[in-house]
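**Student:** Structure for this input, please:
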Amino acid sequence: MRFRNALLAATITITLSCAVFAQEDKHAHEHNSVKAADSIASRVSDKPQVTATDLKQRLDKGEKITIIDARHDLGGQIVKGAIHVPMDKLEDWAKDLDKSATIVTYCTCPHDEAADAEVEKLRQMGFKNAYSLAGGMDAARAAGIEVVTPADK
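**Tutor:** Residues are numbered from 1 along each chain as shown. Here you go, the predicted structure:
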């Protein structure tokens, strides 16, 4: 009986917590109090990330976003319109770019390691609008962002 009551109390606590967080998020969106830069960045972690759904919406609106494939080797597919810039070429590639450009990096690493590393480097170089794509190419594909073979890009 005590176990059942404890389980019920835990379930209610979790449900109420989820409802509070959902309400806060809904409230922020209803009042447009979330800045554009904040909406692209993930609020779940300290890493500057964008979700694939947010990226697709921004691309569909025609926003100018540079997408970088951060992998060392392409492996046969790339997000349509992306450019392949591995970490060892990043500094050279970015040296003459506008520091206010919006850049999204992605990879196929289990925890977005290569993309996160490139974003960290870009931010150290002064690019404040650099983000990694949470979930990488798989997330992009699931959100409806076209993935092609490099010859088709």
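
**Student:** Pro48 is in contact with Ser132, isn't it?
**Tutor:** Yes. Assessed by CB atoms under 8 Å, Pro48 is found in contact with Ser132 at 7.0 Å. Placement of C-beta: from N, CA and C, glycine included.

**Student:** So for the two, which sits in the more crowded spot?
**Tutor:** Neighbours around Pro48 and Ser132, counted as other CB atoms under 10 Å, are more numerous at Ser132. The numbers are 29 against 20.

**Student:** which residues do Pro48 and Ser132 both contact?
**Tutor:** Residues touching both Pro48 and Ser132 (CB atoms under 8 Å, 6 or more residues apart in numbering) are Val119.

**Student:** Provide the contact partners of the helix or strand hosting Asp88 at residue level.
**Tutor:** For Asp88, the enclosing helix or strand under DSSP states H and E is helix 87-94. When contacts are taken as CB under 8 Å, 6+ apart, the neighbours of helix 87-94 outside the stretch itself are Ala70, His72, Val85, Ala114, Ala117, Glu118, Lys121, Leu122, Met125, Phe127.

**Student:** Tell me where this protein has helices.
**Tutor:** For the chain, the helices defined by DSSP state H cover 2-30, 36-40, 52-60, 87-94, 113-124, 136-142.
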